[in-house]
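> Fold the following for me, if possible:
(4 chains)
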Number of protein chains: 2
Amino acid sequence: MDHVETGLRERKKRRTRWAIASAALRLFAERGYEETTIADITAAADVSPRTFFSYFPSKEDVVFTEIDDRLAEVAERLSDRPPGEPPLETIRRCVVDVTEAIVAEHGEYGAVQVRLILERPGLQARALQRLTATQEEIEARLHELCPGIDEIDAVAAAGIAVGGMQAVVVHCRRHGYEPASMRAALDRALTIVEHGLGSLTALTAPSEGAP
Amino acid sequence: MDHVETGLRERKKRRTRWAIASAALRLFAERGYEETTIADITAAADVSPRTFFSYFPSKEDVVFTEIDDRLAEVAERLSDRPPGEPPLETIRRCVVDVTEAIVAEHGEYGAVQVRLILERPGLQARALQRLTATQEEIEARLHELCPGIDEIDAVAAAGIAVGGMQAVVVHCRRHGYEPASMRAALDRALTIVEHGLGSLTALTAPSEGAP
DNA sequence: TGCAGATTTGCAATAGCTGCAACTTTGCAG
DNA sequence: CTGCAAAGTTGCAGCTATTGCAAATCTGCA
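Take a look at the predicted model:
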């Protein structure tokens, strides 16, 4: 039971939602986020301003269209891992999926969405919040995968994993989104997550000073 | 040149700022955040509504009064570490300081602030954003401490460290703030940060299933 | 005592968001 | 077909946060 409903009603709703979202993203890209009002968006989408709020709870939420679905999808996929796989491998897979889902282009306006989120503090905050939600999702799966796992361990593992993810996002923000570079950063971060900061000799040696 | 200015002007400004902040926090505690308007706050603080915005850029910012100062203070303290100390130790120290600064009670309304931040999604998002800022702060210090460190390593290390911090915050949110328990969670998280997720046998063994 | 600069304030306007009630459309039974 | 009830859309009024602007006050220092 997903999006297979054939009713005219459903189809029309989906179309309207898309009309609003794409109008919004297009306008955001053209004149900027703050510079685009709800009225502008609804005018472009040819619906009443009031209607906007029956599709999205707030202006900010339009920006996250699809991204949320994508994230949820990834979280679900986590449960479909081969039963014998070591949890750590599962986490790795999960982090890779989520990260790529976040960074990769989603449909036509993906680039716009990413740029907006990275630029507008408000949107950035919202994104972090969703990332935190994902973190709890990960932790829940961990408890499923390793029934007896210590709670602190699970929380910490999830937290650290997400921290690694964020590291990649930060890296991308600075150096752009070439898949290759991103992959490298992701692998590096995951290795560190796996072996700990203690594996970085740069960190265990006394800080500069006496030779 | 900090808060030593003796001018009547300075003193009055400081007093007003405090009046607004404490009125706000008190009201938030009494009737809730959303239920308190700027007008309510300024009435209680005995200033004009317009004045509020010359002290705080937004309603949300009042909640973070002092917390920001505290965080900045901690970040600064990072540079005062003994020169020969291994960076990893410095990080540990830093994480402990920041975490305790976040969780500990700040002044009279500390508990209110923490509760609000944890409850209101908007404030939570804002807090995460500030945490991210701290993360970048940590990274910058890392580059100072280990001049040649690989950028990805630095970003990842900072990200993971903050992830560990968040883990502790999550833990506290669930189990309360008894210092002992928090200390334990913090230590555990830091150990994991240091030795990696690979050190948790629960994660490296194949997930349940065939015995 | 009086001025120059800083603060405070009132006023008006914009924009996001919500509740409500009237109006339309759609799905379906008769 | 036809008509009804549920679902969806719209306009309206209203509330709150936030900002620009200019008049009114206050403070520090002659």
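
> For A:Lys13, give its distance to A:Thr51.
Using CB to CB, to the nearest Å, A:Lys13 is found at 11 Å from A:Thr51. In short, each C-beta sits where N, CA and C put it, glycine included.

> where does chain A have low pLDDT?
A:1-6, A:75, A:102-107, A:207-211 (pLDDT under 70).

> Tell me which residue in it sits closest to chain B.
Residue nearest to chain B within chain A: A:Gly163 (2.3 Å; CB to the nearest CB).

> Nearest residue to that residue in space, please, no chain neighbours.
B:Gly163 (2.3 Å; CB to CB, 6 or more residues apart in numbering or on different chains).

> and that neighbour, how many residues sit next to it?
B:Gly163 is flanked by 27 other residues according to other CB atoms under 10 Å in any protein chain shown.

> What residues does it make contact with?
Neighbouring residues of B:Gly163 by CB atoms under 8 Å, 6 or more residues apart in numbering or on different chains: A:159-164, A:166, B:193.

> quick one: the strands in chain A?
In chain A, no strands are defined using DSSP state E.

> got the domain boundaries for it?
Following automatic domain parsing, chain A resolves into domains at A:8-59, A:64-196.

> Next one: the residue nearest to A:Gly163 from B:Val114, what distance?
Taking CB to CB, one finds B:Gly163 at 20 Å from B:Val114.

> got the residues of chain A near DNA strand D?
A:9, A:12-13, A:16, A:47-51, A:54 (CB under 7 Å from any atom of the strand).

> just so I have it, where are all the helices in chain A?
Ranges of helices within chain A are A:8-31, A:38-45, A:49-55, A:59-63, A:67-77, A:87-103, A:110-119, A:121-145, A:151-175, A:179-195, A:201-204, based on DSSP state H.

> Format the ones you listed as JSON lines; extra columns: distance to B:Tyr177.
Output for the helices of chain A, formatted as JSON lines (distance: least, CB to CB, whole Å):
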{"stretch": "helix A:8-31", "distance to B:Tyr177": "41"}
{"stretch": "helix A:38-45", "distance to B:Tyr177": "41"}
{"stretch": "helix A:49-55", "distance to B:Tyr177": "38"}
{"stretch": "helix A:59-63", "distance to B:Tyr177": "31"}
{"stretch": "helix A:67-77", "distance to B:Tyr177": "29"}
{"stretch": "helix A:87-103", "distance to B:Tyr177": "29"}
{"stretch": "helix A:110-119", "distance to B:Tyr177": "32"}
{"stretch": "helix A:121-145", "distance to B:Tyr177": "19"}
{"stretch": "helix A:151-175", "distance to B:Tyr177": "15"}
{"stretch": "helix A:179-195", "distance to B:Tyr177": "28"}
{"stretch": "helix A:201-204", "distance to B:Tyr177": "30"}
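
> Which one of the ones you listed lies nearest to B:Pro206?
Nearest to B:Pro206 among the helices of chain A is helix A:87-103 (8.6 Å), distances taken as CB to CB.

> which residues touch that closest one?
By CB under 8 Å, 6+ apart, helix A:87-103 touches A:67, A:70-71, A:73-74, A:77-78, A:81, A:114, A:134, A:138, A:141-142, A:145-146, A:157, A:161, A:164-165, A:168-169, A:172, A:177, A:182, A:186, A:190, A:193-194, B:197-198, B:200, B:202-205, B:207.

> One more pass at 7 Å, please.
A:70-71, A:74, A:77-78, A:81, A:134, A:138, A:142, A:145-146, A:161, A:164-165, A:168-169, A:172, A:177, A:182, A:186, A:190, A:194, B:197-198, B:203-204, B:207 (CB atoms under 7 Å, 6 or more residues apart in numbering or on different chains).

> Helix A:151-175 and that helix, what's the angle between them?
Angle of helix A:87-103 versus helix A:151-175, following axes from the mean of the first three to the mean of the last three CA atoms, to 10 degrees, is 40 degrees.

> Next one: stretch A:168-179, is it in contact with chain B?
Yes. Stretch A:168-179 is in contact with chain B by CB under 7 Å from any CB of the partner chain, via A:170-171.

> In that stretch, which residues are buried?
By neighbour count on 16 or more other CB atoms under 10 Å in any protein chain shown, the buried set for stretch A:168-179 is A:168-172.

> And stretch A:193-208, by the same measure?
Neighbour-count burial for stretch A:193-208 [16+ other CB under 10 Å]: A:193-200, A:202-203, A:207.

> thinking again about what came up before, quick one: which of the helices of chain A is nearest B:Leu118?
Nearest of the helices of chain A to B:Leu118, taken as CB to CB: helix A:121-145 at 11.5 Å.

> and the closest one, what does it pack onto?
Helix A:121-145 makes packing contacts with helix A:59-63, helix A:67-77, helix A:87-103, helix A:110-119, helix A:151-175, helix B:121-145 when contacts are defined by 3 or more CB pairs under 7 Å, 6 or more residues apart in numbering or on different chains; DSSP states H and E.

> which residues are contacting it?
A:60, A:63, A:71, A:75, A:78-79, A:87, A:90, A:94, A:98, A:116-118, A:149, A:154-155, A:157-159, A:161-162, B:121, B:124-126, B:128-129, B:132, B:207.

> Out of those, which end up buried?
A:60, A:63, A:71, A:75, A:78, A:87, A:90, A:94, A:98, A:116-117, A:149, A:154-155, A:157-159, A:161-162, B:124-126, B:128-129, B:132, B:207.

> ok, how many other residues are close to the closest residue to A:Ala158 other than its chain neighbours?
Leaving out its chain neighbours, the residue that sits closest to A:Ala158 by CB to CB, 6+ apart is A:Glu139, at 3.9 Å. Residues within reach of A:Glu139, counting by other CB under 10 Å, total 23.

> now A:Ala72
A:Ala72: 13 neighbours (other CB under 10 Å).

> and what of the one 10 residues further on?
Burial measure for A:Pro82: 10 neighbouring residues, criterion other CB under 10 Å.
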